[in-house]
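Trainee: fold the following.
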Amino acid sequence: MIRVWGITMNQEDKAAALSHIAASYSRTDDVLDTKLLKPIGKAGSENEPVYYDVVQDTEADAAAAAAADLPLAFAQPRPSQGDTPTDGSSDDGLVRYCPPASYDAREFTMLRLYDMTPRLIKSVMSELDLRHEDFPFRLSVKEQEIVELTQKPNEPKAPLLAMGRSGTGKTTCIVQRLFHQWCQARDEMKHTPDIAKPMRQLFVTASPTLKDQVAKQFRKLQAAVLSPEEMARVAAATAREYHSLSCIPDEAFPLFLSNHQYLRMLDATVRQPFFRNRDPLTCAILDEVDAADQLEIAWDLEAEAEQDSTDAIATGQPVAATRTASGRRRGRRQAHSDNSGAASGAMHELTYALFERLWSRLDSGIVRDDSERGKKGLESHLVFQEIMSYIKGSAEAIDSDAGILSLEEYLSLGAKRAANYNQELRTVVYSLMQSYQRQKAQHRLYDRPDLVHHLHKQLKKDGYQGIAITHICRDEVQDFVQGELLLDLLVLGPQHAGQLFYCGDTAQSIARGVGFRFTDVKSMLIQQHHQLIQKHRIQVAEPQLHRLDVNYRSHAGILDVANAVVSVMQEYFPLSMDRMPRERAFFDGPQPLLLGEVSADEVAILTSGGKRRRRVEFGAHMVLLVRTPEAKEKLPQGIRSSNALIMDVVSSKGLEFDDVILVDFLSSLPDGKHWRVLLSYLCNELETHIAVKAKQEAAAALAAELGGDAAVLLSALTAQLNSRHELLKDVVLSQEEEKCLIQVDFDSELHAALVEDLKHLYVAITRA
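Mentor: Numbers count the residues shown, from 1 in each chain. Got it, this is the predicted structure:
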């Protein structure tokens, strides 16, 4: 392997490059994730390379590699001096290989390596402008397998699922896989234009910000391949705004869409659209209401609730009676709305913000031992999730005629799939859903499952009528309900049903109303593919699930805290997320800094930052994070009017930043008392830590007695136990602190809302 660090005719640039090389080799010694290599055969002469296999550190590593369907060994060229520190070398030729590290001491990342192509050399020699042009860099073995995974022409296509925690390269895999497929299709069109078919890829994600960042990165890869004239045509095609999945030029593909855009563009292709009042030329929706108007609706609801209470006091009637009367008055003022669409006038999408306003008006009609209209023990956001994800948004509901599960069907859902409530509380939730449906109709509201069910019904009846789509990718797939994923299969059709690629992480499922597990999605795809096989007599392979567990974004100081949050979720809410191996980082690093009260001036100093060399592809250098959009308005005016990038946690998902300042996370929680349950968890961990320490001391004494291989095994066990409890080594509570902190035992129903707060905290921590 020949590594080129730079190409320059400037002597000063050469000196700087040499200093960077030395610094990189020096920092390589600090890399945590190294490989122990053993030689394969011997070189015939000094000029011939020696190849190495990776030595599996433990049987667990080998089992994990086998489970992931990866080779247990791969070839590495003879390491050069500096690339492979040989301080671990032994007489049998074993050497330790460390990946090349960044030369900047303030960064905790690895160097990116690029294949030396003629196009790359030409770009470097002409002073490559990274703002407009980029090249695909080398990936890990797992990532490369995902990017290049293809089936032979005579083999059935298999949907691809990639699961990984934050920072493990999921979005990078999507971008490079899209680019890899696009390059293959471009070559086929160039060499066999008579038989090659156009490839039309679709990228969908919930976040408009992430969508824009991914599109920007892909266009930079395109710019390194296309001529200026071709790139100008691409720029012109992608600059246009499209309102339908029809009549889109091939130059606009891959098409990068937010889920909001995707559903509305898909609606424009069906014969009876949900949004019928559209511009006849552009298909743009003419009467959809924006967020400001939604807020006005929320104010109207609150004013109406206050008026009902006032009327009740004045008349001496129960509040329920006045609400019934006001409902009749609204019914006389407005026509009744059903799931048939927005043909009769403007309708408003019911988001969680509006659902919260409706929450006080929902009545289960079930008498229970409380005075909260039968809602005791129920959290509004969890009830919203039950309605959106299961009762109305599940594959079974969307595929039904009514678009809603019956009570019996809802109760029959397994506890692993819908883990929020038991059978008794599900009955109450279902009654609340019926009240919700009535309120929704009275206020002329629709929710996302209404739109998805309408689209699914139209597509099953008439088929997809838009431009042919050959591939669909979804990033942050945990933000979508099952019914939305069913639409992808109908858009692709039987001939492309296997061309799906979904990436996500259930530890980051913080979208309101969405309950998600990869195992459920895999089961749904298998069931749908069996139906395709029976109906169309075509072969579709079962989905392939890949796991990514190496973190390329965060150092160990941050990951230790993030993994601690994941451990709490796995302890108390094991069904809320898919289990994965603990994330690994390349570098050690400082733990997050906890600050007390700081002034606006101090925050301004913190957010001022400095010059940064590192390129951030899917984010920015610094961000100030708050828990909710409403929390932004509570920040001091000096901060809000500054140039600091301020985002809420949900909007930041999928992005990365060099520095993250998380402001008032705990104090902004509506009810922070349930966090006291973590005191019990912490005390249990401390007791376990004390027991582990005793075992470690006993193991060390025994190892000293035994020596040899037994000592090595005991030392490995000791190291494993120590790594598990490394975070707890400095946790010591004084007697006064213990008196002030009252432990609360965990209750799965009382503390059900805690899992969402923990996931928000995990997402916030892992943005750095």
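Trainee: the spatially most central residue of the chain and Ala22: what is the separation?
Mentor: Centroid check for the chain by Cα atoms, centre = their mean gives Glu476 as the closest residue, at 3.6 Å. Distance, Glu476 to Ala22, by Cβ to Cβ, to the nearest Å: 40 Å. Any C-beta I mention is one placed from the backbone N, CA and C, and that applies to glycine too.
Trainee: now Ser554
Mentor: Using Cβ to Cβ, one gets 26 Å for the distance from Ser554 to Ala22.
Trainee: cool, Leu669 as well?
Mentor: Distance of Leu669 to Ala22, given as Cβ to Cβ: 49 Å.
Trainee: and if you look at Leu545?
Mentor: Leu545 is 43 Å from Ala22, where distance means Cβ to Cβ.
Trainee: who has more neighbours out of the two?
Mentor: The neighbour count for Leu545 versus Ala22, taken as other Cβ atoms under 10 Å, is higher for Leu545 (18 against 12).
Trainee: am I right that that one sits in a strand?
Mentor: Yes - counting by DSSP: H, G, I helix; E, B strand; the rest coil, one finds Leu545 located in a strand.
Trainee: low-confidence regions, the stretch 601-750 of the chain specifically.
Mentor: 603-604, 607-620, 671-673, 686-687, 689-743 (pLDDT under 70).
Trainee: please disregard the earlier target; I meant the stretch 301-450 of the chain.
Mentor: With pLDDT under 70 as the threshold, the stretch 301-450 of the chain has low-confidence stretches at 301-346, 367-374.
Trainee: my guess is Met116 meets Val4, correct?
Mentor: Yes - counting by Cβ atoms under 8 Å, Met116 touches Val4, with 6.3 Å between them.
Trainee: what pairs with Met622 across the strands?
Mentor: Residues in a beta bridge with Met622, per DSSP bridges, are Asp659.
Trainee: my read is that it contacts Leu645, right?
Mentor: Yes - proximity of Met622 to Leu645 meets the contact threshold set by Cβ under 8 Å, at 6.6 Å.
Trainee: who has more neighbours out of the two?
Mentor: Legend: neighbour count by other Cβ under 10 Å for Met622 and Leu645, higher for Met622 (20 against 15).
Trainee: what about that one, distance to Leu455?
Mentor: As defined by Cβ to Cβ, Met622 lies at a distance of 40 Å from Leu455.
Trainee: can you give me the strands for the stretch 151-300 of the chain?
Mentor: Under the criterion DSSP state E, counting those that start in this stretch, the stretch 151-300 of the chain contains strands at 160-164, 201-205, 255-258.
Trainee: ok, the last one: who's next to it in the sheet?
Mentor: Translated: strand 255-258. Strand partners for strand 255-258, identified by DSSP bridges, are recorded as strand 201-205 (parallel).
Trainee: remind me what the host helix or strand of Met647 packs against, helices and strands.
Mentor: Per DSSP states H and E: Met647 is located in strand 646-648. Applying 3 or more Cβ pairs under 8 Å, 6 or more residues apart in numbering; DSSP states H and E, one finds that strand 646-648 contacts strand 619-626, helix 629-632.
Trainee: so what touches it?
Mentor: Residues outside strand 646-648 that contact it (Cβ atoms under 8 Å, 6 or more residues apart in numbering) are Val623, Leu624, Leu625, Val626, Arg627, Thr628, Pro629, Ala631, Lys632, Leu635, Ile639, Arg640.
Trainee: ok, now which ones touch the fourth one?
Mentor: Neighbour list for Val626: Lys632, Leu635, Ile646, Met647, Asp648, Val649, Val663, Asp664, Phe665, Ser668 [criterion: Cβ under 8 Å, 6+ apart].
Trainee: drop anything exposed from these.
Mentor: Buried members of those, counted by 16 or more other Cβ atoms under 10 Å: Lys632, Leu635, Ile646, Met647, Asp648, Val649, Val663, Phe665.
Trainee: how about the strands in the stretch 401-550 of the chain?
Mentor: 445-446, 471-474, 500-504, 544-548.
Trainee: run a quick neighbour tally on Ala631.
Mentor: By other Cβ under 10 Å, 18 other residues sit near Ala631.
Trainee: hmm, it is touching Ser667, no?
Mentor: No - contact criterion Cβ under 8 Å: Ala631 and Ser667 do not qualify, at 9.5 Å.
Trainee: in its sheet, what does the strand holding Met647 sit against?
Mentor: Strand pairing for strand 646-648, determined by DSSP bridges: strand 619-626 (parallel).
Trainee: quick one on the thing from earlier: out of the helices and strands packed on strand 646-648, nearest to Gln539?
Mentor: Nearest to Gln539, of all those, is strand 619-626, at 40.9 Å by Cβ to Cβ.
Trainee: low-confidence regions, the stretch 151-300 of the chain specifically.
Mentor: Along the stretch 151-300 of the chain, the parts satisfying pLDDT under 70 run over 151-154, 288-300.
Trainee: what ranges do the helices span in it?
Mentor: Using DSSP state H, counting those that start in this stretch, the helices of the stretch 151-300 of the chain run over 170-191, 208-223, 228-239, 259-267, 291-315.
Trainee: now, of the ones you listed, which is deepest in the fold?
Mentor: Highest mean neighbour count among those (mean count of other Cβ atoms under 10 Å): helix 259-267, with a mean of 21.
Trainee: residues making contact with that one?
Mentor: Outside helix 259-267, the residues that touch it by Cβ under 8 Å, 6+ apart are 202, 204-206, 208, 242-245, 257, 273-275, 285, 288, 448, 451-452, 454-455, 466, 479-480, 484, 487, 491.
Trainee: can I get the buried ones among those residues as something I can paste into PyMOL?
Mentor: Here is the PyMOL selection string for the buried members of the contacts of helix 259-267, based on 16+ other Cβ under 10 Å:
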select buried, resi 202+204+205+206+242+243+244+245+257+273+274+275+285+288+448+451+452+454+455+466+479+480+484+487+491
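Trainee: now do the contacts for the residue lying closest to Ala468 once chain neighbours are set aside.
Mentor: Excluding its sequence neighbours, the residue lying closest to Ala468 (Cβ to Cβ, 6 or more residues apart in numbering) is Arg200, at 6.3 Å. Listed by Cβ under 8 Å, 6+ apart, the contact set of Arg200 reads Asp250, Phe253, Pro254, Leu255, Ile467, Ala468, Ile469, Thr470, His471.
Trainee: which one among those residues gets closest to Tyr352?
Mentor: For the contacts of Arg200, the minimum distance to Tyr352 (Cβ to Cβ) is 28.0 Å, reached by Leu255.
Trainee: which one, of the strands of the stretch 151-300 of the chain, ends up nearest to Asp658?
Mentor: Among the strands of the stretch 151-300 of the chain, the nearest to Asp658 by Cβ to Cβ is strand 160-164 (21.0 Å).
Trainee: just the angle for that closest one relative to strand 500-504, thanks.
Mentor: Counting by axes from the mean of the first three to the mean of the last three Cα atoms, to 10 degrees, strand 160-164 lies at 10 degrees to strand 500-504.
Trainee: figure out how far stretch 562-570 is from the centre of its chain.
Mentor: In terms of Cα atoms, centre = their mean, to the nearest Å, the centre of stretch 562-570 is found 16 Å from the chain centre.
Trainee: how about that stretch, which residues are buried there?
Mentor: Using 16+ other Cβ under 10 Å as the test for burial, stretch 562-570 gives Ala562, Asn563, Ala564, Val565, Val566, Val568, Met569.
Trainee: right, and Ala497 touches Leu489 too?
Mentor: Yes - if you go by Cβ under 8 Å, Ala497 and Leu489 touch, sitting 5.7 Å apart.
Trainee: intersection of neighbour lists for the two?
Mentor: Common neighbours of Ala497 and Leu489, using Cβ under 8 Å, 6+ apart, are Gln528, Leu532.
Trainee: what about the closest residue to Gly589 other than its chain neighbours, how many neighbours?
Mentor: Setting aside the residues directly before and after it, Gly589 is nearest to His555 in space (Cβ to Cβ, 6+ apart), at 3.1 Å. Residues lying near His555 (other Cβ under 10 Å) number 20.
Trainee: going forward, count from 868.
Mentor: Noted, 868 is the first residue going forward, which turns the last one into His1422.
Trainee: show me the contacts for His1422.
Mentor: Applying Cβ under 8 Å, 6+ apart, we find His1422 in contact with Phe975, Ala1452, Phe1453, Phe1454, Asp1455, Gly1456.
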